[in-house]
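In: One predicted model, sequence on top.
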Amino acid sequence: MAQTRVRRPDRRTAATTAAILTAAEQLFTENGFHTVSMDAIAAAAGIAVGSIYHHFGNKERLYLALVERALEVNERAMAAAYGDGRTPVEELVAAGDAYCRFHAENPGYFRMIALRVLDVPPGDLASAVEQRIADKVETLVGQLEDTLRRADAVGQVRCPDPRRTALFLWGCWNGVLSLRLRPDRLALDDTELREVLAIGRSLLEQGLLTR
């Protein structure tokens, strides 16, 4: 029986799409979806504009692909927080660390996924983008809720309302991370952001372990 050869991904194609997505992320974050032209994205990526149309079809589909990449990378970062022999409380702390670290290192993704402050494409695609983000956020909060419930069940913490507690934690992390983007003197630089998040981590651990 003849063996079917598995076609390997084209490295050149992968490199081109990655360059396009990186350029689009920067420009969309800085200037908004509606202001940025395909020509500007092509120039920033160092490719011909026709290559963008070839790989993504149009600017709307490019935006959706960028959202998908942001969500997938975030999902991988969060997945590493769970399992690996950790107790539920250790998983929860690790999840907070992973969430804050990912978004602190990727402010464009943070604005796109968590803050929803970027322009979105018009029409049906806008609904698709919003739905994808909502689905992923609900999954993330659900994981936190499940972890809190398991920690309560084994007596590590006392958490009578895991759902609302999970929402509170997610909201706190987003609130602190958003301080980095403030336009006034209350804005946090990278060093100060890390220090504030470290205090939050300590408060989380102390609060959870106080039963």
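Out: Noted; the coordinates are in hand. Residues are numbered from 1 along each chain as shown.
In: For this structure, name the helix or strand with the lowest mean pLDDT.
Out: With mean pLDDT, DSSP states H and E as the measure, the helix or strand of the chain carrying the lowest mean pLDDT is helix 107-110 (a mean of 81).
In: Please state the offset of the strand or helix carrying residue 193 from the chain centre?
Out: According to DSSP states H and E, residue 193 maps onto helix 190-209. A distance of 20 Å separates the centroid of the chain from that of helix 190-209, by C-alpha atoms, centre = their mean, to the nearest Å.
In: okay, the angle between the very next helix or strand once past the least confident helix or strand of the chain and helix 190-209?
Out: Remark: after helix 107-110, the chain's next helix or strand is helix 124-153, criterion DSSP H and E. Taking axes from the mean of the first three to the mean of the last three C-alpha atoms, to 10 degrees, one finds helix 124-153 and helix 190-209 inclined to each other by 40 degrees.
In: Helix 124-153: what's the following helix or strand?
Out: Counting by DSSP H and E, what follows helix 124-153 is helix 162-178.
In: Buried residues in that following helix, which are they?
Out: Under the neighbour-count criterion of 16 or more other C-beta atoms under 10 Å, helix 162-178 has 162, 165, 166, 169, 170, 173, 174, 176, 177, 178 buried. From N, CA and C alone the C-beta is placed, and that goes for glycine too.
In: So which elements touch it?
Out: helix 88-105, helix 124-153, helix 190-209 (3 or more C-beta pairs under 8 Å, 6 or more residues apart in numbering; DSSP states H and E).
In: One more pass at 10 Å, please.
Out: Packing contacts for helix 162-178, counted by 3 or more C-beta pairs under 10 Å, 6 or more residues apart in numbering; DSSP states H and E, involve helix 88-105, helix 107-110, helix 124-153, helix 190-209.
In: Out of those helices, which gets nearest to residue 55?
Out: Shortest distance between residue 55 and these, using C-beta to C-beta, is found for helix 124-153: 16.9 Å.
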